[in-house]
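Engineer: this one's sequence-less:
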Ligand SMILES: [Mn+2]
């Protein structure tokens, strides 16, 4: 028995030795095809690493230049015409938090956009026009006290607006595009813009009206949050009276009171389902009729999209919304509006679907709005 074991072990050792020997044998470098392959692929000393990686790299929105002193430097040197600002804030939501990661999700999914090569289907490149665009990164917003966090955001906006623009011949005041953050972040943006431009009209894409009274619903909607910012904006006299909601479909607790308050805050409503009756062009013309040549702040809650297209929308997702294409087609039709500032909010990457479809949709909406800002300059 013992001798059989010894024999078996010897055979294994011999086989193992042979196999190791064959593995350690160097592969042939005499093969002419391999030689050619080596010289073609591995021995290029003149490969180019001076050009920026087109699809990767550190994340600013669309590879725009990052200005790290944006929130400190009041001098003209730091000026730009369109300024991207991240607002990592989500402690104003009634349901799902997570939109503090919205700026990160939107920026990382914007890496496909290359300012040098970014011509749209109409041959237009927003980045190669008159406007200098920069990304200022995220405003430091204290996560432990909403009042301080919102004041920090307002201060950052005020500093950017007061610094003035780069191309002063086109417009002396820069325009800020804010990446939210939950919808509360629109209020400090409006407060800042009011100091520079006075009252503005809100064009508000959302499934919810966001003018809920914090007085009537003190228990559920106390204070300033992502469902009351519109109410506060109106009562702080930041708004004109020709505001408009687009894409609304959420339930009302008390339709008579909710809609009465909404009307009092200066809003009209285009409900989500109307698009099937009046079409994209009907929605566009209703928006243009309502807004006219007012200075308009464009705010997009990503939950205006159906949850099929934006599963990573925070707050309370509502079925029956727009497709991404419908939203983009509506935005395409809005050139000519005097957009003085804009945001996209409620993107919560943690709830996003495979392929980051919510963030990608937000990127494209933001991208479209930057194009609108460039196509229609707004003076002071
Ligand atoms: Mn909202």
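Structural biologist: Right, received. Where do you want to start? Remember, it's a predicted structure, so these values are computed and weren't measured experimentally.

Engineer: can you name the residue of the stretch 151-300 of the chain nearest to the ion?
Structural biologist: residue 183 (3.7 Å; Cβ to the ion). The way it works is simple: take the backbone N, C-alpha and C, and place the C-beta from them, glycine included.

Engineer: contacts only, for that residue.
Structural biologist: By Cβ atoms under 8 Å, 6 or more residues apart in numbering, the residues touching residue 183 are 92, 206, 210, 226, 227, 229, 299, 301, 315, 345, 346.

Engineer: tell me which helix or strand of this structure sits lowest on mean pLDDT?
Structural biologist: helix 2-24 (a mean of 57; mean pLDDT, DSSP states H and E).

Engineer: quick one: name whatever helix or strand follows that helix.
Structural biologist: helix 32-41 (DSSP states H and E).

Engineer: tell me what the following helix or strand past that following helix is packed against?
Structural biologist: Reading on from helix 32-41 to the C-terminus, the next helix or strand found by DSSP H and E is strand 82-87. Contact here means 3 or more Cβ pairs under 8 Å, 6 or more residues apart in numbering; DSSP states H and E; on that basis strand 82-87 packs against helix 102-108, strand 133-138, helix 146-163, strand 175-180, helix 357-375.

Engineer: looking at these, which is buried most?
Structural biologist: strand 175-180 (a mean of 26; mean count of other Cβ atoms under 10 Å).

Engineer: which strands border it, and is each parallel or antiparallel?
Structural biologist: Here strand 175-180 is paired, per DSSP bridges, with strand 82-87 (parallel), strand 338-345 (parallel).

Engineer: tell me where the stretch 151-300 of the chain has helices.
Structural biologist: 186-197, 229-235, 255-264, 275-291 (DSSP state H, counting those that start in this stretch).

Engineer: wait, what's in contact with residue 91?
Structural biologist: 97, 143, 146, 149, 182.

Engineer: can you tell me which of the residues you listed is closest to residue 305?
Structural biologist: If you rank the contacts of residue 91 by distance to residue 305 using Cβ to Cβ, residue 182 comes first, at 16.2 Å.

Engineer: near the ion, which residues of the chain?
Structural biologist: 183, 206, 210, 301 (Cβ under 5 Å from the ion).

Engineer: okay if I get these as TSV plus pLDDT?
Structural biologist: Formatted as TSV, those follow (pLDDT from 0 to 100):
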residue	pLDDT
183	97
206	98
210	96
301	98
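
Engineer: so which of those residues would you say is closest to residue 113?
Structural biologist: residue 301 (22.2 Å).

Engineer: find the nearest non-adjacent residue to that closest one, please.
Structural biologist: residue 206 (3.9 Å; Cβ to Cβ, 6 or more residues apart in numbering).
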